[in-house]
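Student: give me a model of this one.
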Amino acid sequence: MNIYKDKSDEQLISLYVDGNNEAFDSLLERHKDRVFAYIYHAVKSEELADDIFQDTFVKAIMTIKQGRYVENGHFPAWITRIAHNLIIDYFRQAKAENLQSTDDEDANVLNRKELSDSTIEDNIIATQIHDDIRRLVRALPESQREVLVMRYYKNMSFKEIADTTGVSINTALGRMRYAILNMRRMAEEHNIALTL
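Tutor: Got it, this is the predicted structure:
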């Protein structure tokens, strides 16, 4: 029996802020089908919809945990707005990556770095970055490392990660968030560049 069934969204958020992860799981369960359907309708890809859905709830968790949630009584609209903004961001990024004007006769659309063979220097830098990332991953606490490896190296959804590790989706999302924050912190502390 779900003891949170009769609680309002705001009560569940309040319980979650006080450290009750099951309250957020109930909130997620209550709204997941509608939010996923909204995203899927916009992107028409189940895999992409799943990624944006997970990003939506990661962003919601971060906003709530930082005390910035102020939408009293309007959680469904708020979470849908987060999803909507992430969808727009995705399409903007996709458009920017594919936008190339051919009006300029001097511009050769095939003369792009990503279409050319990499140089020896590029390969050395890429190898160094991968080595640095592996070192940072190994330095993470076991629970964070486990979730990060499952998500990025095994391409598992947060639902699959939660089922495999025996924790709630919320806990899996939280561990991923802390893994990324810890890796960024360690990279900054050791002046490690993680991009070419």
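Student: C-alpha only now, for contacts and for neighbours.
Tutor: Will do.
Student: which residues touch the helix or strand harbouring Asn85?
Tutor: Using DSSP states H and E, Asn85 maps to helix 75-98. Applying CA atoms under 8 Å, 6 or more residues apart in numbering, the contact partners of helix 75-98 are 9-10, 31, 35, 38-39, 42-43, 52-53, 55-57, 59-60, 71.
Student: hmm, try it at 10 Å
Tutor: Contacts with helix 75-98, where a contact means CA atoms under 10 Å, 6 or more residues apart in numbering, come from 8-10, 13, 27, 30-31, 34-36, 38-40, 42-43, 48-49, 52-57, 59-60, 69-72, 99.
Student: average pLDDT for it?
Tutor: Confidence for helix 75-98, expressed as mean pLDDT, is 86.
Student: for it, buried residues please.
Tutor: Buried positions in helix 75-98, judged by neighbour count with 16 or more other CA atoms under 10 Å: Phe75, Trp78, Ile79, Thr80, Ile82, Ala83, His84, Leu86, Ile87.
Student: pLDDT-wise, which helix or strand of this protein ranks last?
Tutor: helix 120-139 (a mean of 80; mean pLDDT, DSSP states H and E).
Student: and the next element down the chain from that one?
Tutor: Scanning onward from helix 120-139 (DSSP H and E), the first element met is helix 142-148.
Student: after that next one, next one along is what?
Tutor: In N-to-C order, the element after helix 142-148 by DSSP H and E is helix 158-165.
Student: who does the helix or strand following that next one touch, helix- and strand-wise?
Tutor: Following helix 158-165 in sequence order, the next helix or strand is helix 169-189 (DSSP H and E). Judged by 3 or more CA pairs under 10 Å, 6 or more residues apart in numbering; DSSP states H and E, the packing partners of helix 169-189 are helix 21-43, helix 46-65, helix 120-139, helix 142-148, helix 158-165.
Student: how about a cut-off of 6 Å?
Tutor: helix 142-148, helix 158-165 (3 or more CA pairs under 6 Å, 6 or more residues apart in numbering; DSSP states H and E).
Student: between those, which one is nearest to Met186?
Tutor: helix 142-148 (14.0 Å; CA to CA).
Student: just send the helices and strands packed on helix 169-189 back as a markdown table, with mean pLDDT too.
Tutor: Compiled in a markdown table, the helices and strands packed on helix 169-189 are given as follows (pLDDT from 0 to 100):
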| stretch | mean pLDDT |
| --- | --- |
| helix 142-148 | 92 |
| helix 158-165 | 90 |
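Student: all good on my end, thank you.
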